[in-house]
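Enquirer: Below are the sequence and a predicted model; questions follow.
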Amino acid sequence: MASSRRQPRRPSRAGRVLKALLLVAVLVGGGLAAKPVWRHLHPEPPELTVRYRTATAAKADAVRPWLEVFNTSGKRVPLSRVALRYYFTADDDAAYAFNCVEAAVGCSNLTGTVVAMDTPHDGADHYLELGFTGAAGALQPGANSRGLEIQLYRTDRKPVSQDGDWSFDAAKRTYQKSDRIPAYDSGALVWGEEPGGKGAEASATPSAKAAAQAPEGGFFDDFDYRGPKDTALFKHGWLVRTSEGGPGIDGTWKADGISFPAGDKAAGGQVLDLRAATDGTKAGTRQAALGTKEAKFRTGTYAARVHFTDKPTTGDNGDHVNQAFFTIGGSGDKYSELDNEYMPNGGWGAPGPKLDTTTWRNADEGDRVTHKTMRSLAGWHTVLITVRKDSVTYSVDGETLYRSGADYAPRADMAINFNTWFVDLPFTGERAWDMKVDWFYYQNGESLTVKEAERAAQGFRDGGLGYFDTLSAS
């Protein structure tokens, strides 16, 4: 007999499809829900990692961090996209400046700007933002920028206190990871922590614009240094003169005549100050000179923003003092020297104020051509020496003062020099004279106008390039 039990009805094809879709949705939903947990347990590595060590205790003459940037991503990262921030608290609301002492990528390829934060946080009201030019290259996956030796200091030269500074860690005497030094790629935070949390300084997020670039065949210095014994000054190619010899009062060249005060009327930042002081005796006299170690400059434009003075900073007027910006190199029949010598009270039997512009061919024989500009040049001026193979042109603020011809064009590479010195000592009593230099810029092989030189210098400054030397690349 046939059974009367009803057979179960098989689901329709549409039902089977719906059930499969519901199962997929459950699995996908579970996977999505589990994804944050997976990411938490298996975090993706950061794109960049910053390692840091300090060379100082909390109380020091300057902040001296050493930094390394590692590419911990799987892709090539151009350094021109990278920015680093070192956060600190400014002591006594003092002005701070930065320089690069040494860098594997080259100090010429490192930019730096000190920024006051819009909203101060615990441990930070300023930061130093470091960047890289395009010539710094790129980090391949797993690569390391290697060491960046930095100095951050008060421009009044007083000691710094780093206690409580956000990025300072006295315990890190060897390279270790530091999430207190954030790193950015194209403006996006990819490593570390900002004071106050991510986005606390959103208005000052690093720009993704192209980094400043130093031109090939150039040399520029904004004179951001701590003093005549600053290691960076020597590393950047300068020598403070302390040797015997002339000109002026023999054997009186002293390092303490060189300083780098904050510029009150310069175009921002610090200036080079060269002080010559005397009491009227040789023993009480000191003269000041700063020059490049290497003689490697010849054709091109030499530009300097210089402050000449007609009166002593202290003491009575009347000295035959010489405030000079000049180049010198070679010897014998290859001797070359190009002089700008400002003498407010004259000298060598000639009255002042006057600027002597002189092109030398042979110092031993006194072979030179010269021109005197008889007027006061007290104050700030942009002084240019433009050297071509067939001429040397001297100008001030765009006004051509003198041009010598092809017979006196330099026949040797030269060094750059600035100095302040006494022609003689006709008076007694304490007095001091100061010549200042805001910046110096040389561009190989190019004849720049004064406006072009000034725009270039301002552009380097605005881009955080306080120094570069790219002559070897020309």
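Expert: It's in.

Enquirer: ok, now how distant is D273 from G197?
Expert: 43 Å (C-beta to C-beta, to the nearest Å). From N, CA and C alone the C-beta is placed, and that goes for glycine too.

Enquirer: So which of these two has more stuff around it?
Expert: The neighbour count for D273 versus G197, taken as other C-beta atoms under 10 Å, is higher for D273 (20 against 9).

Enquirer: Can you say which helix or strand has the more buried one in it?
Expert: strand 272-278 (DSSP states H and E).

Enquirer: Do a quick rundown of the helices in the chain.
Expert: With DSSP state H as the criterion, the chain has helices at 13-41, 231-235, 450-462.

Enquirer: Any chance of the backbone angles for E294?
Expert: Note on E294: its backbone torsions stand at phi -110, psi 140 [degrees, to the nearest 10].

Enquirer: Around it, count how many other residues there are.
Expert: Counted with other C-beta under 10 Å, E294 comes out at 15.

Enquirer: which residues does it contact?
Expert: Going by C-beta atoms under 8 Å, 6 or more residues apart in numbering, E294 touches 237, 415.

Enquirer: Now do it against S447, distance only.
Expert: 23 Å.

Enquirer: P247 and F326 touch, don't they?
Expert: No. Using C-beta atoms under 8 Å, P247 is not in contact with F326, being 10.5 Å away.

Enquirer: between those two, who's got more neighbours?
Expert: Each of P247 and F326 has its neighbours counted (other C-beta under 10 Å); F326 has more, 21 against 14.

Enquirer: My guess is that one contacts E341. True?
Expert: Yes. Under the criterion of C-beta under 8 Å, F326 makes contact with E341 at 7.2 Å.

Enquirer: how about stretch 438-452: buried residues?
Expert: Under the neighbour-count criterion of 16 or more other C-beta atoms under 10 Å, stretch 438-452 has 438-444, 448, 450 buried.

Enquirer: let me fix that: stretch 289-299
Expert: Result for stretch 289-299 [16+ other C-beta under 10 Å]: buried residues 289-292, 295-299.

Enquirer: got any ranges where the stretch 101-250 of the chain has weak pLDDT?
Expert: 198-205, 207-211 (pLDDT under 70).

Enquirer: re the thing from before, and the strand holding D273, how far out from the chain middle?
Expert: Distance of strand 272-278 from the chain centroid (C-alpha atoms, centre = their mean, to the nearest Å) equals 23 Å.

Enquirer: Quick one: residues in contact with that strand.
Expert: By C-beta under 8 Å, 6+ apart, strand 272-278 touches 223, 249, 257-261, 284-290, 313, 319, 321, 323, 418-422, 425, 430-438.

Enquirer: Stretch 321-339 - what's its average pLDDT?
Expert: Mean per-residue pLDDT for stretch 321-339: 96.

Enquirer: re earlier: taking the buried residues of stretch 289-299 one by one, which sit in strands?
Expert: If you go by DSSP state E, the buried residues of stretch 289-299 have 289-292 in strands.

Enquirer: hey, what's the residue nearest to G257 when sequence neighbours are not counted bridged with?
Expert: Once flanking residues are discounted, G257 sits nearest to A288: 2.9 Å by C-beta to C-beta, 6 or more residues apart in numbering. On the basis of DSSP bridges, A288 is bridged to T420.

Enquirer: and G142, how far is that from E47?
Expert: From G142 to E47 the distance is 12 Å (C-beta to C-beta).

Enquirer: So among the contacts of strand 272-278, which ones count as buried?
Expert: Buried, going by 16+ other C-beta under 10 Å: 223, 249, 257-260, 285-290, 319, 321, 323, 418-422, 425, 431-438, out of these.

Enquirer: Mind checking which of the residues you listed are in strands?
Expert: 258-259, 288-290, 321, 323, 418-422, 431-438.

Enquirer: can you list the domains in this protein?
Expert: 48-204, 218-473 (automatic domain parsing).

Enquirer: With distance to A212 added, can I get those domains in a markdown table?
Expert: Below are the domains of the chain laid out as a markdown table (distance: least, C-beta to C-beta, whole Å):
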| stretch | distance to A212 |
| --- | --- |
| domain 48-204 | 5 |
| domain 218-473 | 2 |
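
Enquirer: residues touching E399, list them.
Expert: By C-beta under 8 Å, 6+ apart, E399 has no neighbours at all.

Enquirer: So what pairs up with it in the strands?
Expert: V396.

Enquirer: just L128 next, same as before
Expert: The partner residues for L128, given DSSP bridges, come to Y86, V114.

Enquirer: and if you look at V69?
Expert: V50.

Enquirer: how near is it to T119?
Expert: Distance from V69 to T119, counting by C-beta to C-beta: 27 Å.

Enquirer: These two: who's more crowded?
Expert: Comparing V69 with T119 by other C-beta under 10 Å, the one with more neighbours is V69, at 25 against 13.

Enquirer: my guess is the more buried one contacts A138, does it?
Expert: No. Using C-beta under 8 Å, V69 is not in contact with A138; the gap is 11.5 Å.

Enquirer: Give me the common contacts of the two.
Expert: L79.

Enquirer: for the stretch 351-474 of the chain, what are the low-confidence residue spans?
Expert: In the stretch 351-474 of the chain (pLDDT under 70), the answer is 473-474.

Enquirer: again, only using 90
Expert: For the stretch 351-474 of the chain, applying pLDDT under 90 flags the ranges 364, 472-474.

Enquirer: okay, now the nearest residue to G123 once chain neighbours are set aside: neighbour count?
Expert: The shortest distance from G123 to any non-neighbouring residue, by C-beta to C-beta, 6+ apart, is to W166 (3.8 Å). The local packing of W166 (other C-beta under 10 Å) involves 24 other residues.
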